[in-house]
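> Just the structure for this:
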Amino acid sequence: GSDYVDYLVVGGGGSGGTGMGASAGGGGAGGFITDSTTFQKGSTYTITVGAGGRTTHTMPWKAEGANGENSTITNSGSTLSITALGGGGGGRGWNHDHNVDGKHGGSGGGAAGSIGDYGGNQGDEGGEGEYGQGHNGADSAGFYYAGGGGGAGGPGDASGGGVGLSNYLWNGEGIMYAAG
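Numbers count the residues shown, from 1 in each chain. I've put the predicted structure just below:
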């Protein structure tokens, strides 16, 4: 036998970068997946909830954002595998040695703002969001303006993170998920 199941899976959110001398990019939302499928009675299903990203740099003022962890649903027979990617980490803003691009993830991390004084670095790119799970992080808007991380419902921009998506699956009331 089997049961028809509605599911919603959200990956862990990416962390924002840190900045010193330039603004840092925002973290992207974890990937957002909702659908229906058949679960087989008697099968074992493993559900993993991905943690949010955390930076581990020894100099925290120089840290780039870290990706969130993936969230998954799998079963023992390998017939089901659902993976919502962790959100992309935001780019760091640093005086001289930029590592400013946002990272790819469920939704992409935002790029750090360039400082202009050290060669510009304008046009730094936000990370790409995974198709069907989220949106891109915003590119740098130049000089001190970093990009926001992407969300499930829209891309990040220069004024903030992308919007999430509302879902009515659990209690009939809209709950917002996966904003950047």
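
> can we go C-alpha only for contacts and neighbour counts from here?
OK.

> element containing the closest residue to Leu8 other than its chain neighbours?
Nearest non-adjacent residue to Leu8, counting by C-alpha to C-alpha, 6 or more residues apart in numbering: Thr34, 4.3 Å away. Per DSSP states H and E, Thr34 falls inside strand 32-40.

> just how off-centre is that strand within its chain?
Its chain's average C-alpha position is 21 Å from that of strand 32-40, according to C-alpha atoms, centre = their mean, to the nearest Å.

> Report the buried residues of that strand.
Applying a neighbour-count criterion of 16 or more other C-alpha atoms under 10 Å, one finds Phe32, Ile33, Phe39 buried in strand 32-40.

> what does stretch 57-71 give?
Counting neighbours by 16+ other C-alpha under 10 Å, the buried set in stretch 57-71 is Lys62, Ala63, Glu64, Gly65, Ala66, Asn67, Gly68, Glu69, Asn70, Ser71.

> tell me the least confident of the buried residues of strand 32-40?
In terms of pLDDT, Phe39 ranks lowest among the buried residues of strand 32-40, with 84.

> and it, bridged to which residues?
With beta bridges defined as DSSP bridges, Phe39 has these partners: Asp3.

> Please tell me how far it sits from Gly86.
Per C-alpha to C-alpha, to the nearest Å, Phe39 is found 24 Å from Gly86.

> I'd assumed Tyr7 was in contact with the residue nearest to Leu8.
Yes: in this structure, Thr34 is within contact of Tyr7 by C-alpha atoms under 8 Å, at 5.5 Å.

> Quick check: phi and psi on Pro60?
phi -60, psi -20 (degrees, to the nearest 10).

> Leaving out sequence neighbours, find the closest residue to it.
Nearest non-adjacent residue to Pro60 (C-alpha to C-alpha, 6+ apart): Thr18, at 7.2 Å.

> picking that back up, which strands and helices sit next to the strand holding Thr34?
strand 2-10 (3 or more C-alpha pairs under 8 Å, 6 or more residues apart in numbering; DSSP states H and E).

> Could you list the low-pLDDT ranges of the protein?
1, 78, 95-99, 114-123, 143 (pLDDT under 70).

> And the residue nearest the centre of the chain, how far from Glu69?
Centrality entry for the chain: nearest residue to the mean C-alpha point is Gly87, 1.9 Å, by C-alpha atoms, centre = their mean. As defined by C-alpha to C-alpha, Gly87 lies at a distance of 8 Å from Glu69.

> Please apply the same query to Asp35.
Plainly put, Asp35 is 21 Å away from Glu69 if you go by C-alpha to C-alpha.

> What of Tyr144?
Look at Tyr144 and Glu69: by C-alpha to C-alpha, they are 29 Å apart.
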